[in-house]
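Visitor: Got a predicted structure plus its sequence, pasted below:
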Amino acid sequence: MIRNISCRAAAFIIKDGKLLFAKNVNHPSYYIVGGCIEESETSEEAICRELFEETGLKLEVDKLVIVQERFTTNEVNKQRHHEIVFFYTIKNCDNIHILDGSFSDQGTKEIFHWLPIKDLAQFNIVPEFLKTKSFENMAKIEHIIIRE
């Protein structure tokens, strides 16, 4: 039985053949910028809020491109978890000026990194499917299910 369900929103910010990731200095993985969807908030509203909180920029959503469902089990207490993530592309990425190695506006130890899309397989990134994802033609919504 699944006891925990979480919903998140994340953004693909692509510029000059690179995808924007964040990385906490205390963790080994790079991850897509985003966060939890709050009560009474749509996933699109959530990603706009999260992007503003983390970058200080008011960015505009282009479209929903991926819905990921991930099923996991906590190794310690064996509790099941279902995470749903809505991935959006962002408009006008060429006008976004976030420096590689700059810190998030969250006041955390989170640093932004522009990773070359062609080299993503070389990095420790989550979710793993991004290592082989084509970002060229995302015309329709893709549904990805991960069971761990």
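Guide: In hand now; what should we look at?
Visitor: what residue is smack in the middle of this protein?
Guide: Ile32 (2.9 Å; Cα atoms, centre = their mean).
Visitor: What pLDDT is listed against Thr108?
Guide: We note a pLDDT of 69 for Thr108 in this prediction.
Visitor: one step back: in terms of helices and strands, where is the closest residue to the residue nearest to the centre of the chain other than its chain neighbours?
Guide: In space, Ile32 comes closest to Ala10 once its chain neighbours are excluded; the distance is 4.3 Å by Cβ to Cβ, 6 or more residues apart in numbering. (Each C-beta comes from the backbone N, C-alpha and C, glycine too.) Element membership for Ala10 (DSSP states H and E) is strand 2-12.
Visitor: Identify all contacting residues around that strand.
Guide: Residues outside strand 2-12 that contact it (Cβ atoms under 8 Å, 6 or more residues apart in numbering) are 19-20, 32-37, 43-44, 46-47, 50-51, 59, 61, 65, 71, 79-90, 135.
Visitor: Out of the residues you listed, which sit inside strands?
Guide: Counting by DSSP state E, those place 19-20, 32, 34-36, 61, 65, 71, 80-90 in strands.
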